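Participant: sequence first, then the predicted structure, then my questions.
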Amino acid sequence: MLKVNTDIRLLAPAVTSADLLPLTLRNISLRFRTKTVFDDFNLSLDNTGITAIMGPNGAGKSLALRLLAGLVKPDSGFALAGSSRYLPRNRFAMVFQRPVLLRRTVEGNLLHALKVAGLDATERPIRLAELLALGQLQNLLKSPARRLSGGEQQRLCLLRALASRPSVLFLDEPTASLDPQATALIEDLIRRVSACGVKVVVVTHDQGQAARIADEVVFIHQGRVLEKLPTPEFLKNPSTPQANAYLAGELLIH
Ligand SMILES: Nc1ncnc2c1ncn2[C@@H]1O[C@H](COP(=O)(O)OP(=O)(O)OP(=O)(O)O)[C@@H](O)[C@H]1O
């Protein structure tokens, strides 16, 4: 475990996230051929902490995350960061459910990310060592990234996302296929990133994970936000029958 001041030097956003909040989706419509995913979808995230997006399969969670991050363009409506329709993609970072890593070593992947983040060549080795320590990957420095275990790959993806010291971190089911120990390491990192002032938005199906790390939960069902509540309240006392059924593990088809 690194010290608090090291965390801040490593993880605090290069520019505070304050001007990017709320993250907003306004009057979004999105359809694929015959399927309408969103029809006048609205969402506003003003909480500076960790927001979990939950909901059944196909509800629109991943697409909502991608719209917020500016990775998907809606048919109509728009995303806002703060009051601006210009989304500063260089201040956003995204980690996907399935790690996508370069065919290089752990070191090669991180050095590439640090170069892209604009660090000059003399600074990169220092930051590389700090990031490796943060993710407990020092011993795997020279290993091909794609040969790592699922948990190690996901940790590397998270470190790579943090290389640019983003203001907002988007995570799409980052621990979906990981065991409890690997999940705990990722959650510890997410909590520390958030404590340093990075706005975190995470899609998860894991109620335990929401309870452990999220300050609030947004519940999406069939392309609509049905709930937006502090996590304990959502988990104990959701107000809609759909969220109750989802939390009880019932199939939500309609
Ligand atoms: N590129 C695409 N082409 C066609 N349909 C798509 C595309 N991307 C998403 N969809 C559809 O949009 C709907 C919402 O997708 P999304 O990935 O946001 O769901 P989700 O809530 O994240 O689900 P899950 O929990 O299963 O990951 C789904 O019905 C999905 O099949």
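Facilitator: That came in fine, so what should we check first? Numbers count the residues shown, from 1 in each chain.
Participant: could you use CA atoms for every contact and neighbour count after this?
Facilitator: Will do.
Participant: what's the least confident helix or strand in the chain by mean pLDDT in contact with?
Facilitator: Within the chain, no helix or strand scores below helix 4-11, which has a mean of 73 by mean pLDDT, DSSP states H and E. The contact list for helix 4-11 (C-alpha atoms under 8 Å, 6 or more residues apart in numbering) reads 127, 130-131, 162, 165, 192-193, 196, 198.
Participant: so what's the gap between that helix and the chain middle?
Facilitator: 19 Å (C-alpha atoms, centre = their mean, to the nearest Å).
Participant: over to stretch 198-218?
Facilitator: 9 Å.
Participant: can you give me the end-to-end distance of it?
Facilitator: For stretch 198-218, the separation between the terminal residues is 18 Å (C-alpha to C-alpha, to the nearest Å).
Participant: what do you get for stretch 117-132?
Facilitator: 16 Å.
Participant: for the residue nearest the centre of the chain, name its beta-bridge partners.
Facilitator: In the chain, the centroid-proximal residue (C-alpha atoms, centre = their mean) is residue 171; its distance is 2.0 Å. With DSSP bridges as the criterion, residue 171 is bridged to residue 95, residue 202.
Participant: read off the pLDDT value for it.
Facilitator: Turning to residue 171, the model gives it a pLDDT of 98.
Participant: so what's it up against?
Facilitator: 94-97, 200-203.
Participant: surely residue 53 forms part of a strand?
Facilitator: Yes: applying DSSP: H, G, I helix; E, B strand; the rest coil, one finds residue 53 inside a strand.
Participant: contact residues of this protein facing the ligand?
Facilitator: For the chain, the contact set with the ligand under C-alpha under 6 Å from any ligand atom comprises 32, 37, 56-63.
Participant: can you map out the strands along the stretch 101-250 of the chain?
Facilitator: Remark: strands assigned in the stretch 101-250 of the chain by DSSP state E, counting those that start in this stretch are 168-172, 199-203, 216-221, 224-230.
Participant: check which element follows the helix or strand harbouring residue 30 along the chain.
Facilitator: Using DSSP states H and E, residue 30 falls within strand 23-32. Moving toward the C-terminus from strand 23-32, the next helix or strand (DSSP H and E) is strand 35-45.
Participant: and the contacts of that following strand?
Facilitator: Counting by C-alpha under 8 Å, 6+ apart, 21-31, 51, 59-60, 77, 222-225 sit against strand 35-45.
Participant: and these, which are buried?
Facilitator: 21-30, 51, 59-60, 77, 222-225 (16 or more other C-alpha atoms under 10 Å).
Participant: how about the closest residue to the ligand within the stretch 101-250 of the chain, nearest residue that isn't a chain neighbour?
Facilitator: The minimum distance from the stretch 101-250 of the chain to the ligand, using C-alpha to the nearest ligand atom, falls at residue 205 (7.2 Å). Distance criterion C-alpha to C-alpha, 6 or more residues apart in numbering; nearest residue to residue 205, sequence neighbours excluded, is residue 54 at 5.9 Å.
Participant: test my guess that the one you found contacts residue 203.
Facilitator: Yes: in this structure, residue 54 is within contact of residue 203 by C-alpha atoms under 8 Å, at 6.1 Å.
Participant: need the overlap of contacts for the two.
Facilitator: Common neighbours of residue 54 and residue 203 (C-alpha under 8 Å, 6+ apart) are residue 61.
Participant: quick check, pLDDT for the nearest residue to residue 197 once chain neighbours are set aside.
Facilitator: For residue 197, ignoring the flanking residues on the chain, the nearest one in space by C-alpha to C-alpha, 6+ apart is residue 12 at 5.9 Å. If you check residue 12, the pLDDT there is 82.
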